[in-house]
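**Q** what follows is a predicted protein model with its sequence.
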Amino acid sequence: MPPIREGSKRRDEDLVFHQPDGACRRPDAVSAMFVRRVYQYDLPALTLHGIRHAPALEQGVHPRVVQERLGHSTIAVTLGIYSHVAPTVRDEAAGLVASLVA
């Protein structure tokens, strides 16, 4: 059984987003806070859910691996949703193809 957090009657459930007393934060509140920070720091539009996908695709992880890790039913789902997230991968691929035919 998880330990009780000091000064709280709630049990520590290893939550990523929690109140100071250990209570779970509402998902919509966390998402709204994230959107405010994106706007505040003038970052490219991206949702909190979306950030879990961008690093793998931008680092060149094969889409099939991303599909399996994220539990998408088909590769088409992964490519359809996240192919726009990684323009640098697209640019690198274009450069590679150009160098092969030059």
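**A** Arrived safely. These numbers come from a predicted model, not from an experiment. Residues are numbered from 1 along each chain as shown.

**Q** name the residues of the host helix or strand of residue 76 that are buried.
**A** Here residue 76 sits within helix 75-82, counting by DSSP states H and E. By neighbour count on 16 or more other CB atoms under 10 Å, the buried set for helix 75-82 is 78, 79, 82. Quick note: C-beta positions are derived from backbone N, CA and C, even for glycine.

**Q** go through those residues and say which is closest to residue 68.
**A** Taking CB to CB as the measure, residue 68 sits nearest to residue 78 out of the buried residues of helix 75-82, at 9.1 Å.

**Q** surely the closest one touches residue 69?
**A** No - Residue 78 is beyond contact range of residue 69, at 9.7 Å (criterion: CB atoms under 8 Å).

**Q** can you give the domain ranges for this protein?
**A** Using automatic domain parsing, the domain parsing of the chain gives 1-48, 50-101.

**Q** what about the longest one, start to end distance?
**A** Looking back up the chat, that one is domain 50-101. 35 Å (CA to CA, to the nearest Å).

**Q** quick check: mean pLDDT across that domain?
**A** The pLDDT scores in domain 50-101 average 78.

**Q** what's the most buried one of the domains of the chain?
**A** domain 50-101 (a mean of 13; mean count of other CB atoms under 10 Å).

**Q** now the helices for this protein?
**A** 27-40, 54-58, 63-70, 75-82, 87-101 (DSSP state H).

**Q** just the buried residues of helix 75-82 now: which is nearest residue 94?
**A** residue 79 (16.9 Å).

**Q** need the residue closest to the centroid of this structure.
**A** residue 52 (1.5 Å; CA atoms, centre = their mean).

**Q** quick one: contacts for that one?
**A** residue 70 (CB atoms under 8 Å, 6 or more residues apart in numbering).

**Q** now it: how far from residue 29?
**A** 18 Å (CB to CB, to the nearest Å).

**Q** how about residue 23?
**A** Counting by CB to CB, the gap from residue 23 to residue 29 is 12 Å.

**Q** same check, this time on residue 59
**A** 30 Å.
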